[in-house]
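Fold the following, please.
(chains A and B)
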2 protein chains.
Amino acid sequence: MNDNSNANLNARQHRGAKRRAKTRADLLAAARHVFARKGYHDASILDITEAADVGVGTFYLHFRDKDEIFNTLIDEVLRILEEQVINEVLSSEAVTLPVIVRSIFHHAYAERDLFSIALASGAQVAQTIRVEDMIAQGLTRAFERATQSGQLQGYDIFLLARLVTGVIAQGIIWWFEQDDPGPEEMAQNVLNLLEHGLPASLFEENLLPPGTEL
Amino acid sequence: MNDNSNANLNARQHRGAKRRAKTRADLLAAARHVFARKGYHDASILDITEAADVGVGTFYLHFRDKDEIFNTLIDEVLRILEEQVINEVLSSEAVTLPVIVRSIFHHAYAERDLFSIALASGAQVAQTIRVEDMIAQGLTRAFERATQSGQLQGYDIFLLARLVTGVIAQGIIWWFEQDDPGPEEMAQNVLNLLEHGLPASLFEENLLPPGTEL
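Residues are numbered from 1 along each chain as shown, chains lettered A, B, ... in the order given. Down below sits the predicted model:
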C-alpha cells in the first residue's frame, strides 16, 4: 500500500466513524421522541428506527435492546445537565446556595419529560440514585469549601449534603405529576425551607387533636 | 350431608386455611433471611424453600416467582412500619414534628437491612416512591391540621410535605451504606435542619473562590 492509498483508507475510516456517530445520535434523538410520545413500554425498536429513518438491523449495531438505548439516553441527559449546571454556577459572580439551587431547578425543569418517562416506566432505583449522587457530590464540595472558610462548624457536611439533596430531589420529583410551580417558584420554596426552616410551632404544638385517626 | 359432616368439612377447611397462612408466613420469613444473607440476585427459590423446610412445589402455590415473594416481603414490611409509626405517634402525648420524625427513624432503622436489599437489587423506583408517598401523606395530614389551627399560613402544604419527605427519605437512604449515626442522632440532624435551616452565610457568601473547578 502506498502513502496515497493509506491516506484514502484513513479518510474512509474517518468518514465511517463520523457516519456511525451521526446514526447513533439520530437513534438517541428518535428514541427520546418515541419514548415521550408512547411511553417506555409501548415504544418499540421499530418505532425508533422508523423515526430515525434507518433499518432495524442498524439499531443493533449501536444498542443491544430497548433497555440499553433508554439507559444511554438518560445517562447522556444527566451528563449534559451536570455540565450545564456546573458551567452556569462557575460563571456566576458568586457561588451561593441560591445560585446552585436555581440552576439545578431551571435545567431539570427543561428535562422533566425524560425524568417522568424514567420513573413512569419503572426505571431502576440506580438511576434515581445517580441523579441524587450528582447533586450530593456538588453540594458536598461546596460545603467543604464553606468549612474551610470557617462556616458550617460542627456539622457533618456529608450527611448535610445528603439531606439537602433530598429536598432538591423532591422538588424535581414533584414535576413528574404536575408542571407548577415552575423552576423559579420551586427554587424559592426550597430556599425558603433551607434558609429559615419550618415554623417553630410545628416543633412544640400538637399537630393533631387527641383521639384523631391518622 | 348432615350437620355433623358439614361441621367437619368447615373445621377441615379452617385448618387448611390456617396451615396455608402459616406456610406463607414461613416462606416470607425464610425469604427475608435468605435475601439478607445472599442478596437478591444470588438467592434462589430452592434456598428459600429449604430454609422454610417445604418442597419447591409448595412455593409456587403461594408465589409466582422470586420477584413476587420479594415484592410481597417489602409490601408487608412497609405496612407494618406504617402501622407502628401511626400507633406510636397517636399514643404519644402530643403529636409534634419531632415525635413523628423520631418514630419514623427508629422504626426504619430496625428494617434497614431489607431497605438495603431492595435498593441494592435494583428494585423498581415504584417501591421507593411508595415509602415516600407514605411519609408525605402522613405529613400532609399533620400539616393540614396545623393550617386549621392557624399555623403554616401562606405555605403550599402539599409541596412542603414533599420537601420535608425528601429530607427524611435521605436519612433512611443514608443507612444503606452505613449504620451511623443511629436513629436518635439522625433524627436530631434532620430536626435541626428542619427547625433552623442552614447557616445564613451559605445564602450570601461565595462558596467557592473564583476560578475553582467543581
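
what residues go with each domain of chain A?
A:1-63, A:64-199 (automatic domain parsing).

Switch those domains over to a markdown table; also include mean neighbour count and distance to B:I48.
For every residue, glycine as well, the C-beta is placed using N, CA and C. Compiled in a markdown table, the domains of chain A are given as follows (neighbours: other CB atoms under 10 Å in any protein chain shown; distance: least, CB to CB, whole Å):
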| stretch | mean neighbour count | distance to B:I48 |
| --- | --- | --- |
| domain A:1-63 | 14 | 29 |
| domain A:64-199 | 18 | 23 |
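
Which parts of chain A are helices?
If DSSP state H is used as the criterion, the helices of chain A fall at A:3-42, A:45-52, A:56-62, A:66-91, A:97-110, A:112-120, A:125-148, A:157-174, A:183-196, A:201-204.

tell me the angle the first one makes with helix A:45-52.
Right, helix A:3-42. Interaxial angle, helix A:3-42 versus helix A:45-52 (axes from the mean of the first three to the mean of the last three CA atoms, to 10 degrees): 130 degrees.

Check which helices and strands helix A:3-42 is in contact with.
Here helix A:3-42 touches helix A:45-52, helix A:56-62, helix A:66-91, helix A:112-120, going by 3 or more CB pairs under 8 Å, 6 or more residues apart in numbering or on different chains; DSSP states H and E.

among those helices, which gets the worst mean confidence?
When the helices and strands packed on helix A:3-42 are compared by mean pLDDT, helix A:112-120 comes last with a mean of 73.

Make TSV out of the helices of chain A and add distance to B:V101.
Shown next, in TSV, are those (distance: least, CB to CB, whole Å):
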stretch	distance to B:V101
helix A:3-42	35
helix A:45-52	46
helix A:56-62	48
helix A:66-91	30
helix A:97-110	23
helix A:112-120	26
helix A:125-148	20
helix A:157-174	12
helix A:183-196	15
helix A:201-204	10
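
Kindly state which of the ones you listed is positioned closest to B:S5.
Closest approach to B:S5 among those is made by helix A:3-42 (51.9 Å; CB to CB).

residue nearest the centroid of chain A?
Most central in chain A under CA atoms, centre = their mean is A:L78, positioned 4.0 Å from the mean C-alpha point.

Please tell me I have it right and it contacts A:R130.
Yes - when contacts are counted by CB atoms under 8 Å, A:L78 is listed as touching A:R130 (6.4 Å).

For the residue lying closest to A:A142 once chain neighbours are set aside, give me phi and psi.
Distances taken as CB to CB, 6 or more residues apart in numbering or on different chains place B:L207 nearest to A:A142, at 4.2 Å, with adjacent residues excluded. Here is the backbone geometry of B:L207 (degrees, to the nearest 10): phi -80, psi -20.

ok, B:L207 to A:R145 distance?
Note on B:L207: its distance to A:R145, by CB to CB, to the nearest Å, is 5 Å.

Ok, A:A200 next?
30 Å.

right, and A:L198 touches B:N192 too?
No - counting by CB under 8 Å, A:L198 does not reach B:N192; the two are 11.7 Å apart.

okay, and the helix or strand of chain A with the least pLDDT?
None of the helices or strands of chain A scores lower by mean pLDDT, DSSP states H and E than helix A:112-120, at a mean of 73.

Leaving out sequence neighbours, find the closest residue to A:A51.
A:A51 sits nearest to A:A30 (CB to CB, 6+ apart), 3.7 Å away.

Read off the pLDDT value for the one you found.
A:A30 is given a pLDDT of 96.

So it is in contact with A:I48, correct?
Yes - with contacts counted by CB under 8 Å, A:A30 reaches A:I48, the gap being 5.2 Å.

which stretches of chain A aren't confidently modelled?
Counting by pLDDT under 70, chain A shows low-confidence ranges at A:1-3, A:118-129, A:209-214.

For A:P199, grab phi and psi.
Backbone torsions for A:P199, taken as degrees, to the nearest 10, come to phi -60, psi 140.

Can you give me the distance of it to B:L90?
Plainly put, A:P199 is 23 Å away from B:L90 if you go by CB to CB.

same thing with A:R130?
Distance from A:R130 to B:L90, counting by CB to CB: 38 Å.

A:Q151 - nearest residue in space that isn't next to it in sequence?
Closest residue to A:Q151 apart from its sequence neighbours, by CB to CB, 6+ apart: B:S201 at 4.9 Å.
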